[in-house]
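> What shape does this take:
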Amino acid sequence: MVRVTAASVGDLATLIPSFQRSLRASNKSPKTLATYGQAASQLLAFLCESGMATEVAEIEIHYSEVDCDEDVPGGPSSPARPSQTRDG
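Residues are numbered from 1 along each chain as shown. All right, here's what the predicted structure looks like:
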């Protein structure tokens, strides 16, 4: 369990257990609990490994867009990605 201090209150690592408790209290399915918990942990790991802020107030949307085209097979710039348009 993460120790909560005045300095850590807004840190993602401190908030993840609370988020998971909230999901359990909302009676979410076990698969939802596992998936959301894993996603939150992966986000935290990504931010830490990238040297980005983990303080929630400092996390910016562009953090989630860093190298997305390179990391995701078939990303927007990939020629293997099917066209998003519909032929009429």
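> Please count neighbours and contacts with C-alpha atoms only from this point.
Noted.
> what's the burial count for residue 40?
By other Cα atoms under 10 Å, the residues close to residue 40 number 19.
> what's the distance between it and residue 26?
Counting by Cα to Cα, to the nearest Å, the separation of residue 40 from residue 26 is 17 Å.
> for residue 55, same thing?
25 Å.
> More neighbours: which of the two?
residue 55 (16 against 9).
> The more buried one: what's it in contact with?
Applying Cα atoms under 8 Å, 6 or more residues apart in numbering to residue 55 gives the contacts 10, 11, 12.
> Over to residue 9?
By Cα under 8 Å, 6+ apart, the neighbours of residue 9 are residue 15.
> Doesn't it belong to a strand?
No: checked against DSSP: H, G, I helix; E, B strand; the rest coil, residue 9 lies outside a strand; its state is coil.
> okay, it: pLDDT?
pLDDT, residue 9: 73.
> Show me which of the contacts of residue 55 is closest to residue 48.
Nearest to residue 48 among the contacts of residue 55, counting by Cα to Cα, is residue 12 at 10.5 Å.
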